[in-house]
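Chemist: below are the sequence and a predicted model; questions follow.
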Amino acid sequence: MLKRLSKYPICESKQVPMKFEKRILCIGAGYVGGPTMAVIAAKCPRYGVTVVDVARGRIDAWNSGKPPIYEPGLDDVVRSALGRNLFFSTDIARGIRENDIIFVSVNTPTKTFGAGAGMAADLQYWELVARQILEHAESSKIVIEKSTLPVKTAQAMERILMSRNDGVHFDVLSNPEFLAEGTAIRDLLCPDRVLIGSRETERGLKAREELVEIYANWVPRERIVTSNIWSSELSKLASNFFLAQRISTINAISAICEKTGADVSEVARIVGMDSRIGGKFLNASVGFGGSCFKKDILNLVYLCRVEGLEEVADYLERVVRINEYQKERFVLNMLRAMFNTLAGKKICLFGFAFKADTGDTRQSPAIDVARRLLEEHAEVVVTDPQALANAREDLAGVEKGLSFVEDPYEAVRGCHAIAVMTEWTLYRGLDYRKILDLMVKPAFIFDGRNILDHKALFELGFNVYPIGKRPLSHF
């Protein structure tokens, strides 16, 4: 989150040498900005790359070589370039003055107030950055939208930046990220595509080519896609809708499977064999999470409602509503299976991150499931190999009936049930005979990710309730 510069002490980094062919700045050192700039620096040693943020603790962590976020492969990439051509600082004003290409990668959460609350993007931090660039730039800049933003945001950025009339010029590009947390470094090193949108003017096309040259250092030219700036902004939102829609679709099918005796894994495999459909994103689960899917879909819903596209808005919104339904259905299945009461029962959540191989818990289904279980007066134990600190923040204010335990064996001690919330590989290889001995009988497993061997667990003595499959119960 960015606030006024004067309120924060400056965490100095080394002066970026003047020898670099290009001088690149990223404003925002979070899940997108940090990894993206680390890869650019690693792949482009001739370019100087600086990442700035107001959060001193975050910058200190990056400078230590131990990033503040968990992402497989990130540590090695950062260490390969840190201090050579990759720098981290809290001096935003200096970064703006000294660099020619500026990526903007700040948080754009869903508004919680005023017009569009609950749907529209909150652009206050984005606008603050635009005004900081306007205030501190002493030469012309290429400004690149890296955050996921509503369509036509570039136009607003241009209007703010063009309010100067002293010869300093700004070219605004759209370069949305298509990273999946847990595979972000792989996605950056070998992307399906890199999208760059620009104004189709002489200056706009020249600025676009500057950015193309950066990525062409390691990305094949045929994977660098260019478009007009509005198509670029909309394509990011549309991509996330398509992915989320597939998840909600297979989750809707999972509910039918549970009523009819079909197996959702078999259905997904058969459907996915159709080359027109393909098998990706057809894993039924407790629901999708992460910082993007819900936010971006609701952003589109808000745009459609403002533009009078009510039928389109209703269609888009159903994807989010199915996701909410799937989480509630998961809790209700637990309630029915455990004799219609969860009060006083101890339930262990295996995982809290929204997906495996990340510590990110934003919009994780585990948040809503934990809160609903607590509403039912259950006791909740949370275990996760990377996300416990974030889990504590997400459930802050809840004191009664909630605990956090890193060791999964200790976490299940005295529990009536396990709910698998994150598809960590760790959970596949646990000693479930030992776990069963530690639990209250009859013991239940609710596999919200369908990652466990359900038949083997049933034979051990568990009552097993997968997603989209017949339960395996001893009564």
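Modeler: That came through, no problem. All values reported here derive from a predicted model rather than from experimental measurement.

Chemist: so, low pLDDT: which residues of this structure?
Modeler: Residues of the chain that meet the criterion pLDDT under 70 lie in 1-18.

Chemist: could you chop this structure up by domain?
Modeler: As given by automatic domain parsing, the domain ranges for the chain are 5-219, 228-475.

Chemist: what element comes up after the helix ranked longest in the chain heading to the C-terminus?
Modeler: Determined from DSSP state H, the single longest helix within the chain is helix 229-260. Counting by DSSP states H and E, the next helix or strand C-terminal to helix 229-260 is helix 264-272.

Chemist: now that following helix: buried residues?
Modeler: By neighbour count on 16 or more other CB atoms under 10 Å, the buried set for helix 264-272 is 264-265, 267-268. Placement of C-beta: from N, CA and C, glycine included.

Chemist: now find how far off-centre stretch 172-188 is within its chain.
Modeler: Here the centre of stretch 172-188 is set off from its chain's centre by 10 Å, with CA atoms, centre = their mean, to the nearest Å.

Chemist: going forward, the N-terminal residue is numbered 3.
Modeler: Taking 3 as the first residue, the last one we looked at is stretch 174-190.

Chemist: so how far is residue 370 from the nearest residue to residue 253 once chain neighbours are set aside?
Modeler: Distances taken as CB to CB, 6 or more residues apart in numbering place residue 328 nearest to residue 253, at 4.5 Å, with adjacent residues excluded. Remark: distance between residue 328 and residue 370 (CB to CB, to the nearest Å) = 10 Å.

Chemist: tell me which of those two has more neighbours.
Modeler: residue 328 (23 against 19; other CB atoms under 10 Å).

Chemist: what angle do whichever helix or strand the more buried one is part of and helix 231-262 make?
Modeler: Using DSSP H and E, the element containing residue 328 is helix 312-339. With axes from the mean of the first three to the mean of the last three CA atoms, to 10 degrees as the basis, helix 312-339 and helix 231-262 are set at 40 degrees to each other.

Chemist: buried ones in helix 312-339, by neighbour count?
Modeler: 315, 318-322, 324-325, 327-329, 331-333, 335-337, 339.

Chemist: any idea how far apart the tips of stretch 198-211 sit?
Modeler: 9 Å (CA to CA, to the nearest Å).

Chemist: contact partners of that stretch?
Modeler: For stretch 198-211, the external contacting residues (CB atoms under 8 Å, 6 or more residues apart in numbering) are 144, 156, 171, 173-177, 213-214, 217, 226-235.

Chemist: tell me how far that stretch lies from the chain's centre.
Modeler: Chain-centre distance of stretch 198-211: 29 Å, with CA atoms, centre = their mean.

Chemist: what does stretch 228-245 give?
Modeler: Chain-centre distance of stretch 228-245: 17 Å, with CA atoms, centre = their mean.

Chemist: could you do stretch 305-312 as well?
Modeler: That offset, for stretch 305-312, works out to 26 Å (CA atoms, centre = their mean).

Chemist: what of stretch 362-374?
Modeler: Offset of stretch 362-374 from its chain centre (CA atoms, centre = their mean): 13 Å.

Chemist: ok, back up a step: helices - which of the contacts of stretch 198-211 land there?
Modeler: Judged by DSSP H, those include 156, 213-214, 217, 231-235 as members of helices.

Chemist: strands along this structure, start to end?
Modeler: Per DSSP state E, the chain carries strands over the ranges 24-29, 49-54, 88-91, 103-106, 143-147, 172-176, 196-200, 226-230, 348-352, 381-385, 404-406, 419-422, 446-449, 465-468.

Chemist: would you reformat these as JSON lines and include mean neighbour count and distance to residue 282?
Modeler: Formatted as JSON lines, the strands of the chain follow (neighbours: other CB atoms under 10 Å; distance: least, CB to CB, whole Å):
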{"stretch": "strand 24-29", "mean neighbour count": "25", "distance to residue 282": "30"}
{"stretch": "strand 49-54", "mean neighbour count": "25", "distance to residue 282": "32"}
{"stretch": "strand 88-91", "mean neighbour count": "26", "distance to residue 282": "33"}
{"stretch": "strand 103-106", "mean neighbour count": "24", "distance to residue 282": "28"}
{"stretch": "strand 143-147", "mean neighbour count": "24", "distance to residue 282": "27"}
{"stretch": "strand 172-176", "mean neighbour count": "24", "distance to residue 282": "25"}
{"stretch": "strand 196-200", "mean neighbour count": "25", "distance to residue 282": "19"}
{"stretch": "strand 226-230", "mean neighbour count": "16", "distance to residue 282": "20"}
{"stretch": "strand 348-352", "mean neighbour count": "26", "distance to residue 282": "24"}
{"stretch": "strand 381-385", "mean neighbour count": "24", "distance to residue 282": "29"}
{"stretch": "strand 404-406", "mean neighbour count": "16", "distance to residue 282": "33"}
{"stretch": "strand 419-422", "mean neighbour count": "26", "distance to residue 282": "21"}
{"stretch": "strand 446-449", "mean neighbour count": "25", "distance to residue 282": "21"}
{"stretch": "strand 465-468", "mean neighbour count": "24", "distance to residue 282": "20"}
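
Chemist: to residue 437, which of the ones you listed lies closest?
Modeler: Between residue 437 and the strands of the chain, the shortest separation by CB to CB is 7.6 Å, and it involves strand 419-422.

Chemist: note down every partner strand of the closest one and its orientation.
Modeler: Strand pairing for strand 419-422, determined by DSSP bridges: strand 348-352 (parallel), strand 446-449 (parallel).

Chemist: can you lay out those strands as a markdown table showing distance to residue 22?
Modeler: Shown next, in a markdown table, are those (distance: least, CB to CB, whole Å):
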| stretch | distance to residue 22 |
| --- | --- |
| strand 348-352 | 47 |
| strand 446-449 | 51 |
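
Chemist: the nearest residue to residue 80 once chain neighbours are set aside - how many residues pack around it?
Modeler: Of all residues not flanking residue 80 in the chain, residue 40 sits nearest, at 4.8 Å (CB to CB, 6+ apart). Burial of residue 40 is recorded as 30 neighbouring residues (other CB under 10 Å).

Chemist: give me the helices and strands touching the longest helix of the chain, please.
Modeler: Judged by 3 or more CB pairs under 8 Å, 6 or more residues apart in numbering; DSSP states H and E, helix 231-262 is in contact with helix 155-163, strand 172-176, strand 196-200, helix 266-274, helix 295-308, helix 312-339.

Chemist: how big is the angle separating that helix from strand 226-230?
Modeler: 110 degrees.

Chemist: list the buried residues in helix 231-262.
Modeler: Buried positions in helix 231-262, judged by neighbour count with 16+ other CB under 10 Å: 231-232, 234-239, 241-243, 245-257, 259-260.

Chemist: CA-only coordinates of stretch 244-262 in CSV, if you can.
Modeler: In CSV, the C-alpha atoms belonging to stretch 244-262 read as follows (Å, rounded to 0.1, in the frame of the first residue of the first chain):
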residue,chain,number,x,y,z
PHE,A,244,-12.4,-17.9,-18.4
LEU,A,245,-10.3,-19.8,-15.8
ALA,A,246,-12.6,-19.1,-12.9
GLN,A,247,-15.6,-20.1,-15.0
ARG,A,248,-14.0,-23.5,-15.7
ILE,A,249,-13.5,-24.1,-12.0
SER,A,250,-17.1,-23.1,-11.1
THR,A,251,-18.4,-25.2,-13.9
ILE,A,252,-16.7,-28.4,-12.7
ASN,A,253,-17.7,-27.6,-9.2
ALA,A,254,-21.3,-27.3,-10.3
ILE,A,255,-20.9,-30.7,-11.9
SER,A,256,-19.5,-32.0,-8.7
ALA,A,257,-22.7,-31.2,-6.9
ILE,A,258,-24.6,-33.2,-9.5
CYS,A,259,-22.2,-36.1,-9.2
GLU,A,260,-22.8,-36.4,-5.5
LYS,A,261,-26.5,-36.7,-6.1
THR,A,262,-26.3,-39.2,-8.9
